[in-house]
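Novice: sequence-free structure coming up:
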């Protein structure tokens, strides 16, 4: 797999990515820095979206947030969480 390959992430609407992001814990206190979320997307089916925790710094303040890095279709027989 190519390092820059993001799967079908570019084909998903922002609403689907937002739905997956809302299912994640608070990024400031999360222990898993690379979580994934399994959701069902209309016209696509089941999709696993992988995230990475990012940090934005400005002066003495830091803000943590989730950034989607990859999305892939998942067959119905696949396990819910591969990690």
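Specialist: Arrived safely. All of these numbers come straight from a predicted model, not from anything done at the bench. Residues are numbered from 1 along each chain as shown.
Novice: Only C-alpha atoms from now on, for both contacts and neighbour counts.
Specialist: Will do.
Novice: buried ones in the helix or strand where residue 62 lies?
Specialist: Element membership for residue 62, per DSSP states H and E: strand 61-73. Neighbour-count burial for strand 61-73, with 16 or more other C-alpha atoms under 10 Å as criterion, is recorded at 66, 68-71, 73.
Novice: Same check on stretch 43-54?
Specialist: 46-53.
Novice: ok, which pair from those is furthest apart?
Specialist: Spatially, the most separated pair among the buried residues of stretch 43-54 is 46 and 53, at 22.8 Å (C-alpha to C-alpha).
Novice: Out of the buried residues of stretch 43-54, which is nearest to residue 20?
Specialist: Looking across those and measuring by C-alpha to C-alpha, the closest to residue 20 is residue 49, at 7.2 Å.
Novice: what about the nearest residue to the closest one once chain neighbours are set aside, distance to residue 60?
Specialist: Leaving aside its chain neighbours, residue 49 sits nearest to residue 71 (4.3 Å; criterion: C-alpha to C-alpha, 6 or more residues apart in numbering). With the distance defined as C-alpha to C-alpha, to the nearest Å, residue 71 ends up 34 Å from residue 60.
Novice: out of the buried residues of stretch 43-54, which are inside strands?
Specialist: Using DSSP state E, the members of the buried residues of stretch 43-54 that fall in strands are 46-53.
Novice: Save those as a markdown table, and put in pLDDT too.
Specialist: As requested, those are exported to a markdown table (pLDDT from 0 to 100):
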| residue | pLDDT |
| --- | --- |
| 46 | 96 |
| 47 | 97 |
| 48 | 97 |
| 49 | 98 |
| 50 | 98 |
| 51 | 98 |
| 52 | 98 |
| 53 | 97 |
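Novice: List the beta-bridge partners for residue 48.
Specialist: Residue 48 has these beta-bridge partners by DSSP bridges: residue 38, residue 72.
Novice: which residues touch it?
Specialist: Residues in contact with residue 48 (C-alpha atoms under 8 Å, 6 or more residues apart in numbering) are 36-39, 71-74.
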